[in-house]
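*Asks:* this one's structure only:
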Ligand SMILES: Nc1ncnc2c1ncn2[C@@H]1O[C@H](COP(=O)(O)OP(=O)(O)O)[C@@H](O)[C@H]1O
Ligand code: SF4
Ligand SMILES: [Mg+2]
């Protein structure tokens, strides 16, 4: 049994502007001690799909299953779910300053969580454990800093404190939602190192959310790429980095600084993320895709196995794109396959041609 | 912390000093001839000159201001034109009624406002929330004198549960003091608690949307603790601030409630002195009102620094 198995999760919000379809059918599994990376631009539904698991998206309309050790998190009562939060599944959020309570001491915030789940622990013991945890995540003089308020910590130290808190009860799964996005580059690398080290030490499973594929290059076992509330590609790390199939994944890879060799320049993906109230027809990525073909505008591609070099399907690697299944990778050969398909799939007066024209006009 | 406190006190003193200057200048700008008022209508020019000299009105302005300020520091606010009695005594007599009214009402309106505000915020957009919002609107739009007269008519005149009007000093008879204060308290608190309900509701709703509330939930804390320990703790800061300011302002005059219930407080004193142009008394009540506003703000600053470590340590 997998530690976590999410099946066809759908989350939407009924707002005055209309129904926001934030997550439109996401499935993934996380094995014990392993790391799943979830990648996508901001607004692609990464936070919503994970926070929904712990019931942190108030007012959301939710559908699907999320089996944690066989138990459906989405069907749990408030009290059952509360016992899972922090104890079995811990979360680390993007902005460590706003995520810590400004009016309580850092140590107290950690101790509070320990005592909530372990009522036998007294105040002094909880404080001692908070100090140990702060020391473990590399806070200097933890015995004194335990009594500091969050605003007395630097950005990196605050995130270390959040990590300490997440580890306090030795959870089976930690969800880290862009834990380094708010930090500057050197601190970012230190925090990632720390997380990697502690994850191995504690043998915790990790879901690492990021909008930057570079962040999880050394960290993730599997990677799920999300676009417009849906997974568009799902593969083990090697396949995803060396044989990306979906043009969006390719775009994300090409926008990592120095990723595709020092000579190529940074290439951000053009255009805007789709509206989740009024989604594009067919493939949600089609208005921004350089390979858009006629059928992309009308028919929605589903996740399907990507072919290996010899054209045999690789069952662990799926992509939702109409391009030929063997057209995977960043090399010239794959690019040729893609261009051939585009030449065949785009007629002169086609809907795709209009999309391309509109894209060039921008 | 101590330096912060000293800074705030010095600032308060500066404000009060500016007020004394304003009041002093006002005195000269608005009074035709104080000596004439003081000496009476039938005074001869010689008497007038003598009075003017006795009052120091023939000194240069800065000298007069200096005298005014030194007398003020000794607690001497001069004499009423109308009654000839010391203004300080008049204020001392009026103050207990005002203080009793405002402080007692503050306890009521804070308790009611915070409780209703929390209920409203935690059940936002439910029927209960809408009911409270309606009550708040009614409370805010209802003139205090209507509330006061109605309460007084129903509970004092008809049902005779509470005595009618007049202030009984607390040191004379605490029980009677209490009985006489109940209706005025409720009158003043009704309006104020409406405002505080809305303030608490808005503040708590804002706080409940903060990231650290999500963290508190993600830690597995029970919802009760999330709302009270983590939410309300932050949400009360603006409420306490507002209370300090309001109390300070109200002590300077809650005219309507005071007059409906015949409480001879600062508000009444202000109106009486304004109607007859009793300048020394006007100056006195303006100064005492300013003093309480400054004091209220100072208390807020101190309480605030206890509530929020970010203020304390900066
Ligand atoms: N409570 C909510 N009400 C309405 N829309 C929401 C709510 N929470 C999230 N969304 C919307 O859902 C979409 C996905 O958000 P999110 O999961 O935070 O994206 P990501 O984490 O990938 O940046 C966004 O468009 C966001 O505006
Ligand atoms: S389905 Fe079509 S539009 Fe969508 S990513 Fe693939 S090629 Fe591009
Ligand atoms: Mg996010």
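*Replies:* Received it, and whenever you're ready, just let me know what you need. These numbers come from a predicted model, not from an experiment. Ligands and ions are numbered 1, 2, ... in the order given.
*Asks:* and residue B:81, which of the three is it?
*Replies:* Taking DSSP: H, G, I helix; E, B strand; the rest coil as the rule, one finds residue B:81 in the coil state.
*Asks:* hmm, I was thinking of residue A:180
*Replies:* Of the three states, residue A:180 takes coil under three-state DSSP.
*Asks:* And for residue A:91?
*Replies:* What three-state DSSP gives for residue A:91 is strand.
*Asks:* Identify the residue spatially nearest to it, adjacent ones excluded.
*Replies:* residue B:218 (4.4 Å; CB to CB, 6 or more residues apart in numbering or on different chains). C-beta coordinates here come from the backbone N, C-alpha and C atoms, glycine included.
*Asks:* Tell me, how many residues neighbour that neighbour?
*Replies:* Look at residue B:218: counted by other CB atoms under 10 Å in any protein chain shown, it has 24 neighbours.
*Asks:* lowest confidence element among the helices and strands of chain B?
*Replies:* helix B:34-39 (a mean of 68; mean pLDDT, DSSP states H and E).
*Asks:* which element follows it toward the C-terminus?
*Replies:* Using DSSP states H and E, the helix or strand that follows helix B:34-39 towards the C-terminus is helix B:45-54.
*Asks:* Report all helices and strands that the following helix or strand past that next one contacts.
*Replies:* Using DSSP H and E, the helix or strand that follows helix B:45-54 in sequence is helix B:61-73. Packed against helix B:61-73 by the contact rule (3 or more CB pairs under 8 Å, 6 or more residues apart in numbering or on different chains; DSSP states H and E) you find helix B:2-30.
*Asks:* now the angle from the helix it packs on to helix B:61-73?
*Replies:* Put simply, helix B:2-30 runs at 120 degrees to helix B:61-73, going by axes from the mean of the first three to the mean of the last three CA atoms, to 10 degrees.
*Asks:* just to revisit the earlier point, check what pLDDT the residue nearest to residue A:91 gets.
*Replies:* pLDDT, residue B:218: 97.
*Asks:* can you check residue B:314 too?
*Replies:* For residue B:314, pLDDT reads 50.
*Asks:* go on, residue A:253?
*Replies:* For residue A:253, pLDDT reads 92.
*Asks:* which SS class is it?
*Replies:* Residue A:253 ends up helix, using three-state DSSP.
*Asks:* what number of residues lie near it?
*Replies:* Residue A:253 - counted by other CB under 10 Å - has 21 other residues nearby.
*Asks:* Ok, residue B:206 next?
*Replies:* Residue B:206: 14 surrounding residues under other CB under 10 Å.
*Asks:* swap in residue B:231?
*Replies:* With other CB under 10 Å as criterion, residue B:231 counts 27.
*Asks:* show me what contacts residue 14?
*Replies:* I'll assume chain A. If a contact means CB atoms under 8 Å, 6 or more residues apart in numbering or on different chains, then residue A:14 has A:20, A:59, A:61 as its contacts.
*Asks:* my question was about chain B
*Replies:* Applying CB under 8 Å, 6+ apart, no residues contact residue B:14.
*Asks:* I'd say residue A:20 and residue A:12 touch.
*Replies:* Yes - the pair residue A:20 / residue A:12 is scored as a contact, 6.0 Å apart, by CB atoms under 8 Å.
*Asks:* Give me the residue ranges of chain B where confidence is low.
*Replies:* Within chain B, the ranges that satisfy pLDDT under 70 run B:29-41, B:312-314.
*Asks:* domain ranges for it?
*Replies:* Listed domain ranges for chain B are B:2-86, B:88-313 (source: automatic domain parsing).
*Asks:* What is the distance between the shortest one and the centre of its chain?
*Replies:* Its chain's C-alpha centre and that of domain B:2-86 lie 24 Å apart, by CA atoms, centre = their mean, to the nearest Å.
*Asks:* re the thing from before, could you identify the buried members of the contacts of residue A:14?
*Replies:* For the contacts of residue A:14, a burial check counting by 16 or more other CB atoms under 10 Å in any protein chain shown picks out residue A:20.
*Asks:* Show me what counts as buried in the worst-scoring helix or strand of chain A on mean pLDDT.
*Replies:* Using mean pLDDT, DSSP H and E, helix A:351-361 stands out as the lowest-scoring helix or strand of chain A, at a mean of 70. By neighbour count on 16+ other CB under 10 Å, the buried set for helix A:351-361 is A:351, A:352, A:355, A:356.
*Asks:* same check, this time on stretch A:162-178
*Replies:* Within stretch A:162-178, the residues scored as buried using 16+ other CB under 10 Å are A:162-169, A:171-178.
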